[in-house]
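> fold the following for me, if possible:
(chains A and B)
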Amino acid sequence: MAEFSIEGNGRIERTALYFNGQQLDGMREVFVNVTEDGEFDVLLMYTGADGQSYTKNVFTDYLDNIRTEPPGFSEEEAQSMNLLTVSSDGTLESTIVLRNNEEQFGIVRLYVHIKAPSVQESGGLRSWFGGMKSIPERAEFVAEITYREDNGELTVESVF
Amino acid sequence: MKRILALISLLIVLAAWVVPTDVLAQRRGGSFGGSRGGRSFGRSTRGAPRSFGGTRTQPGSKAPSQPGAGFRSSSSKNSFGGSRLSRSTDYTSRYGVPRRTETRTFTGANGTRSNYVINQYGGMGDGFMMGYMLGAVPWYWSMPFHPAFYYSRPYAVVNSDGSTGVYPGTFQWGTLILSLFVIAAIGYIVYVWIRNKRRRLNFASAYNSNDDARKSSFM
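Numbers count the residues shown, from 1 in each chain, chains lettered A, B, ... in the order given. Here you go, the predicted structure:
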């Protein structure tokens, strides 16, 4: 089973993604949407070692040209962060979610969307003629888990 | 939207800039040169088409009976173009008596000899007038960085004795203002481009220089 982790304190600048223990680099966006109804999307958008952009499903696709880096945060820094781990083989039945290494139960929905802000690129002369419109993308940071309580109520908790 | 408007304005100005103003003035058919307050000769209404003005009733503009004289024939006779005068007084009433007048004879391509009365007023227009009369105008005279660009072509009028009177071109304020406007517009575009580029670089360097950002998986 592959293990995908997100460690951070709620800011993109202090967010690290790990795949099977290796810290990933060159990430542009991560999107996780796993529901008890069967939705299972764990997607990564990253810039590979060859400079190309890739969109891959973490648990079912091979992560082509993905870049890794040594762990950026020290043990002390990690203590002030939260760690969300998804362990799965790509099916809902085998998926285990851990928060700070504690297994979670009663999850209705796991939703994570983290997107780095885009650096607006120059369109050159084409942009003057309206042929190239670049809309700057803003940073996005949403990570929440919806639980079903014992009494049947749904509660939403922010992860970081 | 702002960019599109700016671009359209720039294209219009560029088009107006490229079209020679003296050619426009000739087509206008009213005042020659078109830069001295816009007053038409012969009491024609400013901006009104010549066909509807009072110029045909003017004594001086009446077509002469002898061949080779008159506005139309003088236009085809002069090799250097720009004949906008129907009478020499049209020019002298504005710019005064010439400082120096000399008569020269030029031989045309078909061997015909024509007498030209060259009227000099002692300005830059004199030099440009001689250049136009020689027939070959350097290409850079049509460039905004050369003073000749801001002068109209010389004016010519067929005198009663059959000779052609030539008067120096006049400074075109409209061309100058238009040129300044175009240069300012180009400068503004370059400024905006550099400013945006600098902003992008600042953003990228600020993000990358952040110690936390280096540790993050996101770029």
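> center of chain A - which residue?
A:Val30 (3.4 Å; C-alpha atoms, centre = their mean).
> specify the local secondary structure of that one.
With DSSP: H, G, I helix; E, B strand; the rest coil as the basis, A:Val30 sits in strand.
> who's in contact with the nearest residue to it once chain neighbours are set aside?
Once flanking residues are discounted, A:Val30 sits nearest to A:Ile114: 5.0 Å by C-beta to C-beta, 6 or more residues apart in numbering or on different chains. C-beta here means a position set from N, CA and C on the backbone, and glycine is covered the same way. For A:Ile114, the contact set (C-beta atoms under 8 Å, 6 or more residues apart in numbering or on different chains) comprises A:6, A:12, A:15, A:29-30, A:140-143, B:218.
> which element, helix or strand, includes A:Ile114?
strand A:107-115 (DSSP states H and E).
> partners of that strand in the sheet?
Partner strands for strand A:107-115, per DSSP bridges, with pairing direction: strand A:27-35 (antiparallel), strand A:140-148 (antiparallel).
> low-confidence stretches in chain B?
B:1-7, B:9-85, B:203-213 (pLDDT under 70).
> and the strand holding A:Ile114, which residues are buried?
Across strand A:107-115, burial judged by 16 or more other C-beta atoms under 10 Å in any protein chain shown covers A:107, A:109-112, A:114-115.
> out of the strands paired with strand A:107-115, which one sits most buried?
strand A:27-35 (a mean of 19; mean count of other C-beta atoms under 10 Å in any protein chain shown).
> the residue in chain B that chain A sits nearest to: neighbour count?
For chain B and chain A, the shortest gap (C-beta to the nearest C-beta) falls at B:Lys215, measuring 2.9 Å. B:Lys215: 19 surrounding residues under other C-beta atoms under 10 Å in any protein chain shown.
> excluding chain neighbours, give the residue nearest to it in space.
A:Gly72 (2.9 Å).
> B:Ser160: which of the strands paired with strand A:107-115 is closest?
strand A:27-35 (84.0 Å; C-beta to C-beta).
> average pLDDT for the helix or strand just after that closest one, rounded please.
The helix or strand immediately downstream of strand A:27-35 is strand A:40-47, counting by DSSP H and E. Mean per-residue pLDDT for strand A:40-47: 93.
> strands paired with strand A:40-47, and their directions?
strand A:27-35 (antiparallel), strand A:53-57 (antiparallel).
> can you mark which positions in it are buried?
Here strand A:40-47 shows A:40, A:42, A:44-47 as buried, counting by 16+ other C-beta under 10 Å.
> beta-bridge partners for A:Ala16, please?
Going by DSSP bridges, A:Ala16 forms beta bridges with A:Glu7.
> name the nearest residue to A:Glu3, ignoring sequence neighbours.
Leaving aside its sequence neighbours, A:Glu3 sits nearest to A:Ser87 (C-beta to C-beta, 6+ apart; 4.8 Å).
> kindly report the same for B:Tyr91.
B:Tyr167 (4.6 Å).
> enumerate every residue touching that neighbour.
Contacts of B:Tyr167 by C-beta under 8 Å, 6+ apart are B:85, B:88, B:91, B:95, B:98, B:119, B:121, B:129, B:154-157.
> out of those, which is nearest to B:Gly108?
B:Ala156 (14.2 Å).
> that closest one and B:Gly165 touch, don't they?
Yes: the criterion here is C-beta atoms under 8 Å, and B:Ala156 meets it with B:Gly165 at 6.6 Å.
> the two: who's more crowded?
B:Ala156 (28 against 24).
> the more buried one should be in a helix, yeah?
No: counting by three-state DSSP, B:Ala156 falls outside a helix, being strand.
> helix or strand for the residue in chain A positioned nearest to chain B, which one?
Taking C-beta to the nearest C-beta, chain B has its nearest neighbour within chain A at A:Gly72, 2.9 Å off. Remark: A:Gly72 resides in no helix or strand, with elements defined by DSSP H and E.
> residues in contact with it?
A:16, A:23, B:214-216.
> tell me what the residue nearest to B:Tyr91 is bridged to.
Here B:Tyr167 sits in beta bridges with B:Tyr155, going by DSSP bridges.
> so where is chain A shaky, pLDDT-wise?
In chain A, residues with pLDDT under 70: A:119-136.
> wait, doesn't A:Val58 sit right on A:Ser5?
No: A:Val58 lies out of contact with A:Ser5 (C-beta under 8 Å); the separation is 10.6 Å.
> look at B:Gly169 and give its secondary structure.
Assignment for B:Gly169 (three-state DSSP): coil.
> so where do the strands sit in chain B?
B:100-107, B:113-120, B:155-158, B:164-167 (DSSP state E).
> tabulate the ones you listed (CSV), appending distance to A:Ser53.
Listed next are the strands of chain B as CSV, based on distance: least, C-beta to C-beta, whole Å:
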stretch, distance to A:Ser53
strand B:100-107, 71
strand B:113-120, 71
strand B:155-158, 66
strand B:164-167, 68
